[in-house]
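Colleague: Quick check, what structure comes out for this input:
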Amino acid sequence: MPRLAVLMPARDAADTVRAAAVSILRQSERDLSLVCVDDGSRDGTAEILERLAARDRRVVVLRGPGEGIAGALNRGLAACDAELVARMDADDVAHPERLALQRAALEADRSLAAAGSRVRLFPRRILRPGMLRYAAWLNGLTTPDELHRDLFVEAPLVHPATTIRRAALAAAGGWRDGDFPEDYDLWLRLHAAGGRLANVPRTLLAWREAPARATRTDPRYALARHVALKCHHLARGPLAGRREVAVWGAGETGKTFADALLREGVRVALFVEVDRNKIGREIRGAPVVGYGDVARARGLPLLVAVGAPGARALIRAELARAGFEELSDYRCVC
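Modeller: Okay, the predicted model is just below:
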């Protein structure tokens, strides 16, 4: 049994899949298997993988009917006979030390359910500001405490840059298929089960950006689906047993959270705002107060739902001045 299995689904990835697979086969960590799931490709992807398998017995190729990412991952997981399962995508490139460093991190800290890494986006000519901000945020999160604090801001691990304990993955039921981002859902479930998350403080994956990537085109990755997923897990975790909350931010993002929370049985009782045009009004049936009156949120879980660049740091500073403690009094959710 290899120490580590790498799970790589692929569909119509003939232009990039060989480079991705070779970056795994040339890892300094040699004791591995590469489980490739061809999920209904029609462009020669399967043939490329079969040629690699003929030359390297560590490569296993499975065929899927085109069932989608979650189904393909669970199909491949059944063939991953190792204690650690690393994710890889068919259009990315792994640093040669990626798997060795992630295995070392997981062996050093048995409380970790998964270890990701910093990433480098490419090609630079098509990168958008939003993705650059996300990568900069994620690359600043390395310790379990940092990932715990920002767990509901955004997915704190890059899926194809992460190695996961097989036992934790099995206990969580593998990947779920639904109208939500399957990777973020998994991180939230692993964390809810008591597993901690971390990122190795090294850039270990070249993460390809593309105009047609699923995060841009698939409705499961839309902002509203992220918010709904966060609220689903919030209601069953940090907000369990609570029926009312306060929300900092009465703009579109705050209203989206209010609507999603209400579907989970949690009502927004108070909005906190900096925009004078909103202060004094009612939104979704809740009064809007200025940030100078944030003390009115005492006794309610306060969710910070402002997505403007730089706003999170400013709000954290303001709440610290007001005597609010993060995670016990408030939580950032975007």
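Colleague: so where's this protein uncertain?
Modeller: 212-217 (pLDDT under 70).
Colleague: And it, what are its domain boundaries?
Modeller: Here the domain parsing of the chain from automatic domain parsing is 4-221, 223-332.
Colleague: Columns mean neighbour count on top of those, output as a markdown table?
Modeller: For every residue, glycine as well, the C-beta is placed using N, CA and C. Formatted as a markdown table, those follow (neighbours: other C-beta atoms under 10 Å):
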| stretch | mean neighbour count |
| --- | --- |
| domain 4-221 | 19 |
| domain 223-332 | 17 |
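Colleague: ok, residues contacting stretch 65-80?
Modeller: By C-beta atoms under 8 Å, 6 or more residues apart in numbering, the surrounding residues in contact with stretch 65-80 are 5, 7-9, 11, 33, 35-37, 39-40, 60, 62, 64, 85, 87, 166, 169, 174-178, 182, 214.
Colleague: quick one: the strands in the chain?
Modeller: Listed in chain order, the strands of the chain (DSSP state E) span residues 4-10, 32-39, 59-64, 84-87, 93-94, 112-122, 163-165, 196-208, 244-248, 267-273, 282-283, 286-290, 302-304, 330-332.
Colleague: can I get the ones you listed in TSV with distance to Ala228?
Modeller: Shown next, in TSV, are these (distance: least, C-beta to C-beta, whole Å):
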stretch	distance to Ala228
strand 4-10	24
strand 32-39	26
strand 59-64	27
strand 84-87	24
strand 93-94	32
strand 112-122	23
strand 163-165	24
strand 196-208	21
strand 244-248	15
strand 267-273	15
strand 282-283	19
strand 286-290	19
strand 302-304	14
strand 330-332	17
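Colleague: these two touch, right, Ala250 and Val289?
Modeller: No. Counting by C-beta atoms under 8 Å, Ala250 sits too far from Val289 to count as a contact (9.6 Å).
Colleague: list the residues that contact both of the two?
Modeller: Here Ala250 and Val289 have Phe271, Val272, Glu273 as joint contacts, going by C-beta under 8 Å, 6+ apart.
Colleague: Which helix runs longest in this structure?
Modeller: helix 223-236 (DSSP state H).
Colleague: Stretch 286-302: end-to-end distance?
Modeller: Using C-alpha to C-alpha, to the nearest Å, the end-to-end distance of stretch 286-302 comes out at 14 Å.
Colleague: Give me the contact list for it.
Modeller: Contacts for stretch 286-302 (C-beta under 8 Å, 6+ apart): 238-239, 242, 244-248, 250, 258, 267-274, 276, 278-282, 318-319, 322, 324, 329-331.
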